[in-house]
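Visitor: Need coordinates for the below:
(one chain, ligands or ions: 2)
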Amino acid sequence: MAKPDIRIEITDVCHQFHLNDRFRLIIKDLAYCFNGPLGLYGLSGSGKTTLCKILAGIIKPQSGDFSLVKLNGTLAKPAVVYSPQFPEKIFLGVRVSDTLKQIMAQHPLGEEIKFRLIDYLHKFSLDYQKIENKSGFELSGGELRRFALALSLSLSPDLLIMDEPTIGMGPKGKQQLCSVIKDFQENYHVLIVSHDFNLIRKICRQFWILQHGSLIFSGDLEELNAQHAIKEQVGIHSFEKVYCFSDI
Ligand SMILES: Nc1ncnc2c1ncn2[C@@H]1O[C@H](COP(=O)(O)OP(=O)(O)O)[C@@H](O)[C@H]1O
Ligand SMILES: [Mg+2]
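Guide: Residues are numbered from 1 along each chain as shown. Ligands and ions are numbered 1, 2, ... in the order given. As a prediction, this is how the structure comes out:
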């Protein structure tokens, strides 16, 4: 079955953290329909994680309106999963098999999640049996990240947001992730967040760029290529024009 289109509409969204008056996320007006993998780029501290958490419903913005709808006739809210930048904050102290049991008990896919997880872990060269009895703090950083990514992929949401998915991954891990996303995005929407533009330009068809809490670009690579001032501001130097997944 074809994936339903997803539309995001944002009007005057503003968010500031308690006791932090140095940062404010402000998105004035954005109407966006997913059209291929979306890459969110910005320098560290530009607000990428904050925006993603708002989209995933984890943070409620202080003001403004935003909606995410499926354009399949129902305008239902899409299922959104946020794969965190810091999985260690979530999985520490809990055994992998217990985390999985808890999720399977609550999710409509039930036991199927375990089969998918085993399969995704395998694609990341990780054996489920090797980690099932370990708690989060017994996993290496790389194992933890691969487990978090494999689990979020296994949930098969309408929209999967992956926040800095390649942190701590070597070239082989990056290659494996790109190939997994290549298959996944055929059936589901993905938003990939990274401060590494070279990574997302290989995976994504559309790009958002954040700077100091403002969205300063939304468009494809060709449009971005023409925006010399923006590229300069965010430190993206000349990059080769590539087609999605062409060099993976
Ligand atoms: N819970 C929080 N409390 C206070 N400040 C925060 C909190 N989370 C993030 N910030 C600050 O908000 C800014 C944007 O953070 P973030 O969205 O994580 O940026 P990015 O993901 O682009 O690196 C940063 O200056 C960060 O220090
Ligand atoms: Mg971040």
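
Visitor: where are the low-confidence patches of the chain?
Guide: Filtered on pLDDT under 70, the chain yields the residue ranges 1, 238-248.

Visitor: residue contacts, the residue of it found nearest ligand 2?
Guide: Residue nearest to ligand 2 within the chain: T49 (3.2 Å; Cβ to the ion). The C-beta positions use only the backbone N, C-alpha and C, and glycine is treated the same way. Contact analysis of T49 by Cβ atoms under 8 Å, 6 or more residues apart in numbering lists 85, 163, 193.

Visitor: for the nearest residue to the second one once chain neighbours are set aside, phi and psi?
Guide: The reference is to D163. Leaving out its chain neighbours, the residue that sits closest to D163 by Cβ to Cβ, 6 or more residues apart in numbering is Q85, at 4.0 Å. Here is the backbone geometry of Q85 (degrees, to the nearest 10): phi -70, psi -30.

Visitor: Could you tell me how many residues sit around Q85?
Guide: Applying other Cβ atoms under 10 Å, we find 19 residues neighbouring Q85.

Visitor: thought it was touching T166?
Guide: No: if you go by Cβ atoms under 8 Å, Q85 and T166 don't touch, sitting 10.9 Å apart.

Visitor: which parts of this structure sit against ligand 2?
Guide: 48-49, 85 (Cβ under 5 Å from the ion).

Visitor: show me which of those residues neighbour ligand 1.
Guide: 48-49 (Cβ under 6 Å from any ligand atom).

Visitor: Contact partners for I6?
Guide: With Cβ under 8 Å, 6+ apart, I6 has these contacts: 33-34, 68-71, 78, 158-159, 189.

Visitor: which one of those sits closest to L109?
Guide: For the contacts of I6, the minimum distance to L109 (Cβ to Cβ) is 13.2 Å, reached by D158.

Visitor: doesn't V80 make contact with that closest one?
Guide: Yes: the criterion here is Cβ under 8 Å, and D158 meets it with V80 at 6.9 Å.

Visitor: ok, which stretches of this protein are strands?
Guide: All strands of the chain, identified by DSSP state E, fall at 6-15, 25-33, 38-42, 63-70, 80-83, 159-163, 189-194, 206-211, 214-220.

Visitor: which other helices and strands contact the third one?
Guide: In terms of contacts (3 or more Cβ pairs under 8 Å, 6 or more residues apart in numbering; DSSP states H and E), strand 38-42 is packed against helix 48-55, strand 189-194, helix 197-203, strand 206-211.

Visitor: The same query, at a cut-off of 10 Å, please.
Guide: Judged by 3 or more Cβ pairs under 10 Å, 6 or more residues apart in numbering; DSSP states H and E, strand 38-42 is in contact with helix 48-55, strand 159-163, strand 189-194, helix 197-203, strand 206-211, strand 214-220.
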